[in-house]
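Trainee: Give me coordinates for this.
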Amino acid sequence: VLRRGACYVRSRRKPETTEIPTQEDMRDLLDLAIEKGLRKYVTLAYRAGVGLVPIPTVTVPLPATTIDQELYDKELGDLK
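Mentor: Model prediction:
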C-alpha cells in the first residue's frame, strides 16, 4: 500500500521497494540527486559553450586583524 507524500527507494537488503527508513538513507538519496543534477548542469553548460574553471583556494591563512586579536583576548579572559 502506498502512502501519500512518502518517498520510496529500492531496499539494500532484498529486491523490494520500501519507504525511506532512516535519515541517513534520505541523505544518500539527496546526495545522489544533487550529484546527478550537477552532472546534468555541467553537461548543459559545456554544450552551451560555457567553460567551467575551478576556483582557486586560499592555502595561506590570512593575518588576523587587530579587532580579531582583541576579541580573542577578551574571550580568553583569565585563561592566558
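
Trainee: among the helices and strands of the protein, which has the poorest mean pLDDT?
Mentor: helix 66-76 (a mean of 84; mean pLDDT, DSSP states H and E).

Trainee: Okay, and K40 sits in which element?
Mentor: Element membership for K40 (DSSP states H and E) is helix 23-47.

Trainee: Name the residue closest to the centre of this protein, please.
Mentor: D31 (7.4 Å; CA atoms, centre = their mean).

Trainee: Now do the contacts for that one.
Mentor: With contacts defined as CB atoms under 8 Å, 6 or more residues apart in numbering, D31 has no neighbours. For the C-beta atoms, the positions are set from N, CA and C on the backbone; glycine is no exception.

Trainee: quick one: it from K40, how far?
Mentor: Distance, D31 to K40, by CB to CB, to the nearest Å: 15 Å.

Trainee: What of G5?
Mentor: G5 sits 26 Å away from K40, going by CB to CB.

Trainee: who has more neighbours, the two?
Mentor: K40 (10 against 5; other CB atoms under 10 Å).

Trainee: residue contacts, that one?
Mentor: By CB under 8 Å, 6+ apart, no residues touch K40.

Trainee: in this protein, which segments are predicted with low confidence?
Mentor: Along the chain, segments meeting pLDDT under 70 span 58, 62, 80.

Trainee: hmm, try it at 90
Mentor: Applying pLDDT under 90 to the chain flags residues 1-2, 10-14, 21, 51-80.

Trainee: wait, is V60 part of a strand?
Mentor: No: applying DSSP: H, G, I helix; E, B strand; the rest coil, one finds V60 to be coil, outside a strand.

Trainee: How much space separates it from I67?
Mentor: On the measure of CB to CB, V60 and I67 end up 20 Å apart.

Trainee: Name the residue in the two with the higher neighbour count.
Mentor: Applying other CB under 10 Å to V60 and I67 shows that I67 carries more neighbours, namely 8 against 5.
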